[in-house]
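Peer 1: build me a structure from this.
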Amino acid sequence: MREGKQLTRYHHDLSRSLNQAKNKLQKCIDIVFPEFNDVFVTKYSKIYMAVLKECGSAKAVRNTHLTHLKKIISDASNGKLNSDYPARLKESAKTSIGEDNAVITLEIKQLIDSIELILNQLSIVDKKIEELARNLNSPISTIPGIGFIIGMSILCEFGPIDHFSSHSKVIAYAGLDCAVYQSGQYNADKTAITKRGSPHIRLSLYQAALTVCRFNATFNTYYNRKRAEGKSHRCAQGHIVCKLLRVIFKLLTENMCFNPALLK
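Peer 2: Purely as a prediction, here's the structure:
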């Protein structure tokens, strides 16, 4: 459990660093070649990153021979891609309003190195998390939409389930219970959640809520009902999280597999 908590938290830290690096990369692209993303269907693909790493600006693309551009794209796609990318890149670079900035071009190449390093680290960490999850073989993995990463994060943040006597205490431990606001005889009808405990638990649970709604009709119907009642997306998502926690508590305490027919 301790190793799993450390690994899943490290995974979240790496994912956060990856998103930050990608945001910085997009900011740099907007300066030196703002039309670049219009050429590619998918961001951060092997071809996308290879061209950026070799030619980090519109000026560099303009100065690169078409044959060399074709070679970069062919090598990145292992010779499988026969497209009009090189010609479109050259044409886009000719009319680009991008700035000729050698410092930003250097930053782009180093950001790509950082992204590739983080992706490699994530791959190693995720394999270790999967290994621990398979050894643990928890019933939480039988819930459709909950993978190894999210499942292990939820399990390890809570620790042994026998520490909790009821699902309401699990919800409170995650900081998802409603705060109490009182003043004299006044009691607020609507309050925010307490947000006590680890934010890593809530992050994993809210991520899981999105996927279980896609994979399970009961969760999806419950979400739509809350939305029909006038609740915001985030509020309805919170109701899904609490329902999911009640299901997880039931599975873990009784060591049973998920059965959609038992959902109410």
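Peer 1: where does pLDDT dip in the chain?
Peer 2: 81-82, 177-194, 264 (pLDDT under 70).
Peer 1: can you name the next helix or strand after the host helix or strand of Ala21?
Peer 2: For Ala21, the host element (DSSP states H and E) is helix 2-32. Next helix or strand after helix 2-32 toward the C-terminus (DSSP H and E): helix 36-39.
Peer 1: could you pull up phi and psi at Asn216?
Peer 2: phi -130, psi 130 (degrees, to the nearest 10).
Peer 1: wait, it sits on Leu263?
Peer 2: Yes: counting by C-beta atoms under 8 Å, Asn216 does reach Leu263; the two are 7.4 Å apart. For the C-beta atoms, the positions are set from N, CA and C on the backbone; glycine is no exception.
Peer 1: and the two? which has more neighbours close in?
Peer 2: Ranked by neighbour count (other C-beta atoms under 10 Å), Asn216 and Leu263 place Asn216 first, with 19 against 14.
Peer 1: so how far is Leu245 from that one?
Peer 2: 15 Å (C-beta to C-beta, to the nearest Å).
Peer 1: ok, Asp30 next?
Peer 2: From Asp30 to Leu245 the distance is 41 Å (C-beta to C-beta).
Peer 1: same question for Gly145.
Peer 2: 14 Å.
Peer 1: who's more crowded, these two?
Peer 2: Higher neighbour count among Gly145 and Leu245: Leu245, with 22 against 18, using other C-beta under 10 Å.
Peer 1: that one: which element?
Peer 2: Going by DSSP H and E, Leu245 is part of helix 233-254.
Peer 1: what do you get for Arg134?
Peer 2: helix 102-136.
Peer 1: okay, angle between that helix and helix 2-32 too, please.
Peer 2: What separates the directions of helix 102-136 and helix 2-32 is an angle of 160 degrees, with axes from the mean of the first three to the mean of the last three C-alpha atoms, to 10 degrees.
Peer 1: and helix 102-136, how far out from the chain's middle?
Peer 2: How far helix 102-136 lies from its chain's middle: 14 Å, per C-alpha atoms, centre = their mean, to the nearest Å.
Peer 1: for stretch 140-153, same thing?
Peer 2: When distances are taken as C-alpha atoms, centre = their mean, stretch 140-153 is centred 14 Å away from the chain's centroid.
Peer 1: likewise stretch 12-31?
Peer 2: The chain centroid and the centroid of stretch 12-31 are separated by 13 Å under C-alpha atoms, centre = their mean.
Peer 1: was I right about Tyr85 contacting Val41?
Peer 2: No: using C-beta under 8 Å, Tyr85 is not in contact with Val41, being 9.7 Å away.
Peer 1: looking at these two, which is more packed in?
Peer 2: Tyr85 (20 against 10).
Peer 1: how about the more buried one: what's its closest non-neighbour residue?
Peer 2: Nearest residue to Tyr85, sequence neighbours excluded (C-beta to C-beta, 6 or more residues apart in numbering): Ile73, at 5.5 Å.
Peer 1: burial of Lys109, as a residue count?
Peer 2: Neighbour count for Lys109, taken as other C-beta under 10 Å: 14.
Peer 1: tell me who's in contact with it.
Peer 2: Applying C-beta atoms under 8 Å, 6 or more residues apart in numbering, one finds that Lys109 lies in contact with Leu52, Lys53, Gly56.
Peer 1: then Ser92?
Peer 2: Here Ser92 is in contact with Glu35, Phe36, Asp38, Val39, Ala58, Val61 (C-beta under 8 Å, 6+ apart).
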